[in-house]
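Visitor: 3D, please:
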Amino acid sequence: MNYLAHVFLSCDSAEAILGALYGDFAKGAHDVEYPAAIADAIRLHRAIDRYTDAHPIPCASRALVSPVRRRFAGILTDVFYDHFLARHWQDYCELPLPMFAHQVYAVLLAHQEQLPPRLRYVAPRMAANDWFGAYAELRGIDAAVNGIARRLEHYPRAAALRGGVAELERHYAAFEAHFREFFPLLIQHVRTCTNSTRPGAAADTIPTMRHVSIPVAVP
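Guide: Numbers count the residues shown, from 1 in each chain. Model (predicted):
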């Protein structure tokens, strides 16, 4: 899963938004470095990644990537799944994607000074260029993949990532079908994970993923 999916799956508070993104940008002993709510969201981020990496449906998606880019199939599949989440957003969330994105960007910008260094660099660009909204279009996915290629340019083999949107275009229907089958399973897995971290919580107390309300300030 990429940025949009991680934030969507964790977005019941500003701390959860931060932690959902810190999972890609922060290293080390997060359970002592960060407040409990942020550390919990980082742990959830990593649980989502483990579940996704091991599940046969994303494995089938990764197998669609051509041999020349197979080394980066996991990265590409994560970005492609964000594309389908943006495209089918209304099926998963009652809050329109532009409003959701605006609230997430507001949280990031309000806490810019406390962000890990690379996220501090990325956050204003994410907001200014509306990355989440752009994911709904192939040109936005092309920009995202090429941006990752630039960030990894010190690895010679990462040059193969450039133009990686061609993999999505080549197998668009199959990637879409995989996402649509897998994402409800992932939502249920997240509900199970979050329930297990809430002592005494009943299954029906877990908030639905179809509606979110994000406070902009961390207490």
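Visitor: residue boundaries of the helices in the chain?
Guide: For the chain, helices defined by DSSP state H occupy the ranges 3-10, 14-25, 30-33, 36-54, 56-63, 73-87, 97-110, 117-128, 131-134, 138-151, 165-170, 172-196.
Visitor: nearest to Ala159, of those helices?
Guide: With respect to Ala159, and counting by Cβ to Cβ, the nearest of the helices of the chain is helix 138-151 at 6.8 Å. Using the backbone N, CA and C atoms, a C-beta is placed for each residue, glycine as well.
Visitor: Look up how far Pro184 lies from Ala14.
Guide: Per Cβ to Cβ, to the nearest Å, Ala14 is found 26 Å from Pro184.
Visitor: just Thr194 next, same as before
Guide: Using Cβ to Cβ, Thr194 is found at 16 Å from Pro184.
Visitor: In terms of packing, which of the two has more residues around it?
Guide: More crowded of Thr194 and Pro184, by other Cβ atoms under 10 Å: Thr194, with 20 against 12.
Visitor: shouldn't the more buried one be in contact with Leu44?
Guide: Yes - if you go by Cβ atoms under 8 Å, Thr194 and Leu44 touch, sitting 6.9 Å apart.
Visitor: Find residues that contact each of these two.
Guide: Shared contacts of Thr194 and Leu44 (Cβ atoms under 8 Å, 6 or more residues apart in numbering): none.
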